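Participant: only geometry, no sequence info:
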Ligand SMILES: [Zn+2]
């Protein structure tokens with residue numbers, strides 16, 4: 001938790017910023033005729049807030065937004081609001097960094113609250129309402145954005161297997177590169193950039209445990225990269241895999257297979273570690289490292305376009321240590337675990353299908369790096385062969401929706417895994433917790 005500045009009076013400076021203004025709407029058609037058509041504002045696809053019996057239509061306006069609130073049932077508080085007071089401003093939402101501290105401070109000052117403690121709001125945010133009598137007749141909502149990077153492991157029992165998404169830490173990459181041809185005005189609502197134009201990402205390898213052993217898919221960036229490059233890529237608290245594995249009763253020497261989706265540093269940098277002597281050695285001492293042979297060929301013969309992504313000391317020392325096993329085709333790696341070449345991101349990029357108890361989970365790596373990438377044309381600028389990514393992804397996501405595949409998102413800052421759903425032509429991810 002970040003520490004908040006204290007001002008001279010000793011109070012915590014809340015540094016509240018306007019998040020959005022909620023407008024209760026009686027007739028959505030007429031509201032759209034004004035806000036969308038007459039004012040020419042962009043209205044996003046609606047979000048269903050079932051618990052409030054309301055449909056929210058967001059209108060982004062820079063760092064803030066308007067929110068048109070359309071009641072879906074007569075019993076909705078918004079319907080009652082419109083009935084008694086007419087359509088109009090319903091609430092003002094202020095973003096704060098630390099909502100618990102904000103509520104403490106307001107309580108100390110005798111401000112009347114509706115919520116004494118923060119409660120979960122939409123999209124993982126924490127929210128609390130201040131009583132309108134304390135705010136000169138305005139219903140004020142405080143909101144704390146979700147922690148961008150949750151380092152807790154996410155365990156999913158899966159038939160005969162156990163799947164554990166483990167977080168190696170944070171990565172921040174240029175937003176434009178992460179979203180390719182998608183304009184920033186569209187992507188920044190899904191993943192907002194920092195003051196250096198980078199979006200927050202995680203690196204989440206996946207542990208697959210079966211009665212046959214323990215396999216790790218990808219292994220984060222590790223901690224060999226330092227100085228300027230680590231700063232450029234926002235590599236913070238990386239190399240934490242040891243700690244995170246310990247939280248689920250594992251350690252590096254319990255991993256017997258390390259499987260690579262591809263050999264980029266943010267996926268396979270963690271395969272090796274540097275000893276105090278300077279020697280680079282396998283980080284998982286008992287593991288067999290499984291790599292697609294043609295990916296190894298590409299990685300060890302890089303060109304101008306991919307050289308920055310392939311750091312030779314991440315993988316070359318593995319061969320010297322005699323711990324790599326190569327495979328050339330799509331194949332089963334361990335019972336229930338098979339790889340399928342997707343190409344696209346790199347020529348030999350592969351995704352991992354995990355099947356057990358009649359269910360399918362897929363580790364999609366850089367084919368669908370985050371939940372913000374579930375629309376077919378939202379491709380990364382990094383992809384060497386974007387049309388190959390598109391062709392594979394279009395087919396794959398259709399299948400994933402229809403067959404309810406559980407998807408693991410390797411780079412998502414917030415959501416480790418979930419199901420891709422589609423409603424009214426709009427795609428979203430239902431997370432598993
Ligand atoms: Zn990546």
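Facilitator: Ah, there it is. Computed from a predicted model, the values in this text were never measured in an experiment. Numbering: from 1, shown residues only.
Participant: Please report how far residue 332 lies from the ion.
Facilitator: Per Cβ to the ion, to the nearest Å, residue 332 is found 24 Å from the ion. C-beta coordinates here come from the backbone N, C-alpha and C atoms, glycine included.
Participant: contacting residues around that residue?
Facilitator: residue 338 (Cβ atoms under 8 Å, 6 or more residues apart in numbering).
Participant: residues in this structure within reach of the ion, list them.
Facilitator: Within the chain, the positions near the ion by Cβ under 5 Å from the ion are 266, 366.
Participant: so the residue located most distally from the centre of the chain is in which element?
Facilitator: Distance from the centre of the chain peaks at residue 84, with 40.9 Å (Cα atoms, centre = their mean). Element membership for residue 84 (DSSP states H and E) is helix 77-85.
Participant: And that helix, what's buried?
Facilitator: 78-79, 81-82 (16 or more other Cβ atoms under 10 Å).
Participant: Closest one of those residues to residue 203?
Facilitator: Lowest distance from residue 203 to the buried residues of helix 77-85 (Cβ to Cβ) belongs to residue 78, with 40.8 Å.
Participant: so where is this protein shaky, pLDDT-wise?
Facilitator: Scanning the chain for pLDDT under 70 picks out 1-13, 122-124, 146-150, 236-239.
Participant: Map the structural domains onto the sequence of it.
Facilitator: 17-144, 154-431 (automatic domain parsing).
Participant: Run the chain-centre distance for the first one.
Facilitator: Mean-position distance between domain 17-144 and its chain equals 24 Å (Cα atoms, centre = their mean, to the nearest Å).
Participant: In contact with whichever residue of the stretch 151-300 of the chain sits closest to the ion: list those residues for me.
Facilitator: Closest residue of the stretch 151-300 of the chain to the ion, Cβ to the ion: residue 266 (4.5 Å). Contact partners of residue 266, counting by Cβ under 8 Å, 6+ apart, are 171, 203, 220-221, 233, 411.
Participant: in its sheet, what does whichever strand or helix holds residue 258 sit against?
Facilitator: Assigned by DSSP H and E, residue 258 falls within strand 257-259. Its sheet considered, strand 257-259 pairs with strand 213-217 (parallel), strand 288-292 (parallel) by DSSP bridges.
Participant: Give me the residues contacting it.
Facilitator: 213-219, 271, 284, 287-290, 333-334, 337, 339, 352.
Participant: Check stretch 65-77 too.
Facilitator: Residues contacting stretch 65-77 (Cβ under 8 Å, 6+ apart): 19-25, 28, 31-32, 35, 41, 43, 46, 48, 52-59, 78-79, 82, 90, 93.
Participant: ok, of these, which come out buried?
Facilitator: 19-25, 31-32, 35, 43, 46, 52-59, 78-79, 82, 90, 93.
Participant: Quick one: the strands in the stretch 201-350 of the chain, in order.
Facilitator: 206-210, 213-217, 257-259, 272-274, 280-282, 288-292, 324-327, 332-334, 337-341, 350-356 (DSSP state E, counting those that start in this stretch).
Participant: could I get those as a markdown table with distance to residue 114?
Facilitator: Below are the strands of the stretch 201-350 of the chain laid out as a markdown table (distance: least, Cβ to Cβ, whole Å):
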| stretch | distance to residue 114 |
| --- | --- |
| strand 206-210 | 41 |
| strand 213-217 | 45 |
| strand 257-259 | 50 |
| strand 272-274 | 51 |
| strand 280-282 | 56 |
| strand 288-292 | 55 |
| strand 324-327 | 59 |
| strand 332-334 | 53 |
| strand 337-341 | 49 |
| strand 350-356 | 45 |
